[in-house]
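J.: my questions concern the predicted model and sequence given below.
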Amino acid sequence: MSANERVTKLQALLARVQARRHETDAGSAVLAPMEVNADKPAAPIVLEVKTAVEVRKGTPQVQATPPAVAAFPRGSDVAGAVAEFEELSLPPEPMHPEVIGPVLVATSEVAQVVGEARAFAPQSFGELLAATLALG
Amino acid sequence: MGQPSFDVAGAVVFDLPRGAVRAGGTQIVCVPIEALAALADDPRVAERVGRAMGQAVGKRILTRVGSSNAVREASIERVVTELGAEFALAGYGSLSLQRWGRAMVLVVTDGALPDPLLHAVFAASLEVSTGQKVACTTLTREGTKVSVLVSSERAVKQAGDWLGSGIAWGEVLTRLQAASGVS
């Protein structure tokens, strides 16, 4: 293995460790603050059903999102980190460039609202239900 | 804190001598998917049948969790597990929940229900279990996966209008949050 390959491998490993630490710091994926940019829709947090019928195991999946990359400093192996997330689950659809439109990013008011949605971290099902019912 | 779990023991009982099937103490029947699909051709029938199916789901969740207040105060994981287990037992599909900012999106993979039935099942099961009126609309259907927005009737209508005009569903979710001006 060449020196460059070793560096690349180490960077990818570091990115994976950072990604896992990021999830651990949040306590659990479901309660992690949303990573919402003003120019992109919020990324989903996925709760997989854990039942005796549904024999899936492991931590709830966090879908790959460009904002997740922001957790990594410049110069780190972002590509490796993205690949790590993509291994878990692909996003339901690609981010649409039209989301980055003037209607959505032109005013600080909209950016503020999206930022508030980003910080939203419901502690109960009822809290999330009330929030989704208040939309529109 | 441990992961919520669901004990399936006795959840569905096949009483062969009596020729009966029971779920949560209520008698049910096994119906071919084609029969449900045929019902969904008529929106009013689909609404009534779907709501009856959803109410049964909601009642069983309510029985296990205790009360509407308890369901609302439960963790998101707990409620998703309860609802997902009901879906799995009934053969409605594999359920997960996505949170897009403040928007709740329920995702069913390998589902068996046509959209009108699915919306009614979701709405009624959540109404019965939480005591709050909700409305649902499909945001996207990709292969065997369907994503359903849960919100108010007004927001769901607005979302439907935006989707109908060709706006991408991700942007619809963003617009709903901006339109609500939540703080």
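T.: Sure thing, it's come through.

J.: just the buried positions in the lengthiest helix in chain B, please.
T.: Ranked by residue count, the top helix of chain B under DSSP state H comes out as helix B:43-65. Using 16 or more other CB atoms under 10 Å in any protein chain shown as the test for burial, helix B:43-65 gives B:46-47, B:49-51, B:53-62, B:64-65. For glycine as for every other residue, the C-beta is placed from the backbone atoms N, C-alpha and C.

J.: pLDDT score for A:Arg20?
T.: For A:Arg20, the pLDDT comes out at 51.

J.: make that B:Ala179, sorry
T.: For B:Ala179, the model assigns a pLDDT of 79.

J.: try B:Ser152
T.: Per the predicted model, pLDDT is 96 at B:Ser152.

J.: hang on, B:Val49 packs against B:Leu117?
T.: Yes: using CB atoms under 8 Å, B:Val49 makes contact with B:Leu117 at a distance of 6.7 Å.

J.: identify the contacts common to the two.
T.: Overlap of the contact sets of B:Val49 and B:Leu117 (by CB atoms under 8 Å, 6 or more residues apart in numbering or on different chains) consists of B:36, B:39.

J.: what's the longest helix of chain B in contact with?
T.: Taking CB under 8 Å, 6+ apart as the rule, helix B:43-65 contacts B:23-24, B:26, B:28, B:36, B:39-40, B:68, B:71, B:74, B:78-79, B:82-83, B:86-87, B:90, B:113-114, B:116-129.

J.: could you do stretch B:27-39 as well?
T.: B:12, B:20-22, B:45-46, B:49, B:56, B:112-114, B:117.

J.: same question for stretch B:134-146.
T.: Against stretch B:134-146 from outside (CB under 8 Å, 6+ apart): A:92-93, A:129, A:133, B:105-111, B:115, B:118-119, B:122-123, B:126-127, B:147-153, B:155-157, B:159-160, B:163, B:169, B:172-173.

J.: ok, back up a step: what mean pLDDT does the longest helix of chain B get?
T.: Taken as a whole, helix B:43-65 has a mean pLDDT of 94.

J.: that one: how far from the chain's middle?
T.: Between the centre of helix B:43-65 and the centre of its host chain there is 9 Å, according to CA atoms, centre = their mean, to the nearest Å.

J.: can you list the helices and strands that whichever helix or strand comes after it packs against?
T.: Moving toward the C-terminus from helix B:43-65, the next helix or strand (DSSP states H and E) is helix B:68-73. Identification of packing neighbours for helix B:68-73 by 3 or more CB pairs under 8 Å, 6 or more residues apart in numbering or on different chains; DSSP states H and E yields helix A:125-133, helix B:43-65, helix B:115-130.

J.: which stretches of chain B have low pLDDT?
T.: B:1-4, B:181-183 (pLDDT under 70).

J.: check contacts around the residue at minimal distance from the centre of chain B.
T.: Nearest to the mean C-alpha position of chain B, by CA atoms, centre = their mean, lies B:Phe122 at 2.6 Å. Residues near B:Phe122 by CB under 8 Å, 6+ apart: B:54, B:106, B:134, B:136, B:148, B:150.

J.: so the longest helix of chain B versus helix A:125-133, what angle?
T.: Computed with axes from the mean of the first three to the mean of the last three CA atoms, to 10 degrees, the direction of helix B:43-65 lies at 150 degrees from that of helix A:125-133.

J.: so which residues of chain B form strands?
T.: Secondary structure of chain B (DSSP state E): strands located at B:12-15, B:20-23, B:26-28, B:94-100, B:103-109, B:135-142, B:145-151.

J.: closest to A:Phe120 out of those?
T.: For the strands of chain B, proximity to A:Phe120 was assessed by CB to CB; strand B:94-100 is nearest, at 8.2 Å.

J.: partner strands of that closest one, with direction?
T.: strand A:45-48 (antiparallel), strand B:103-109 (antiparallel) (DSSP bridges).

J.: burial measure for B:Gly143, as a count.
T.: By the criterion of other CB atoms under 10 Å in any protein chain shown, B:Gly143 has 7 neighbours.

J.: so what's B:Asn153 up against?
T.: Rather than Asn, residue B:153 is Glu. Applying CB under 8 Å, 6+ apart to B:Glu153 gives the contacts B:133, B:135.

J.: rerun that using 6 Å as the cut-off
T.: B:Ala135 (CB atoms under 6 Å, 6 or more residues apart in numbering or on different chains).

J.: do the one 3 residues further on as well
T.: B:Val156 is in contact with B:135, B:137, counting by CB under 6 Å, 6+ apart.

J.: any idea how far it is from B:Leu16?
T.: 43 Å (CB to CB, to the nearest Å).

J.: could you pull up phi and psi at the spatially closest residue to B:Glu127 that is not a sequence neighbour?
T.: Ranked by CB to CB, 6 or more residues apart in numbering or on different chains and with sequence neighbours excluded, the top spatial neighbour of B:Glu127 is B:Lys133, at 5.6 Å. The phi and psi values for B:Lys133, taken as degrees, to the nearest 10, are phi -80, psi 130.
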